[in-house]
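**Student:** Here you go, sequence then predicted model.
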Amino acid sequence: MKRLLPVLAISILTLAGCANTAPYSGNVYSGDQAKSAQTVTFGTITALRQVQIQADSRAGGLLGSGGGAVIGGILGNQVGGGSGRQLATVAGAIGGAVAGTKVEEATNRITAWEMEIRQDNGQNVVVVQKADQNFQVGQRVRLIGSGRNVSVAPY
């Protein structure tokens, strides 16, 4: 069992970081957006700040918390004897669940740009998208889409 524990821990923590981060990119379109007309407006970046997007876990957080609880419980079960072992097992499971949740949240964070853009019509908008392209203050850009589905692309 002690040999299996490191393999189990690595497997669970690897799966915990399996959030699909592609939708946060300005270079990726969903199936619904393909072959549909998009509105295009033009503007200039007036402010740029690096931020983090907390991506949703595909498993709803169960891998991190559940896997952490199992690993923590197994480790806690190695401590003491009798009722002390039971308490250590419970404490290990609770602590492991908390730690596993934190690890999963950290692995599902994506570096992103918060871009304030002054559109040619005078309106200011802020768009946040994955930082997979270089942008600069003063750069001319295209805003593609409308409402909740807007991406920013170089002009």
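**Tutor:** Structure received. Numbering: from 1, shown residues only.

**Student:** bridging residues for residue 42?
**Tutor:** According to DSSP bridges, the residues that bridge with residue 42 are residue 142.

**Student:** Give me the distance between it and residue 88.
**Tutor:** To residue 88, residue 42 is 63 Å away according to C-beta to C-beta, to the nearest Å. For every residue, glycine as well, the C-beta is placed using N, CA and C.

**Student:** quick one: which of the two has more around it?
**Tutor:** Per other C-beta atoms under 10 Å, whichever of residue 42 and residue 88 has more neighbours is residue 88, with 19 against 13.

**Student:** Three-state assignment for that one, please.
**Tutor:** helix (DSSP: H, G, I helix; E, B strand; the rest coil).

**Student:** again, but for residue 115
**Tutor:** Reduced to three states with three-state DSSP, the structure at residue 115 is strand.

**Student:** Kindly report the same for residue 152.
**Tutor:** strand.

**Student:** so which strand or helix has residue 144?
**Tutor:** Under the criterion of DSSP states H and E, residue 144 resides in strand 140-146.
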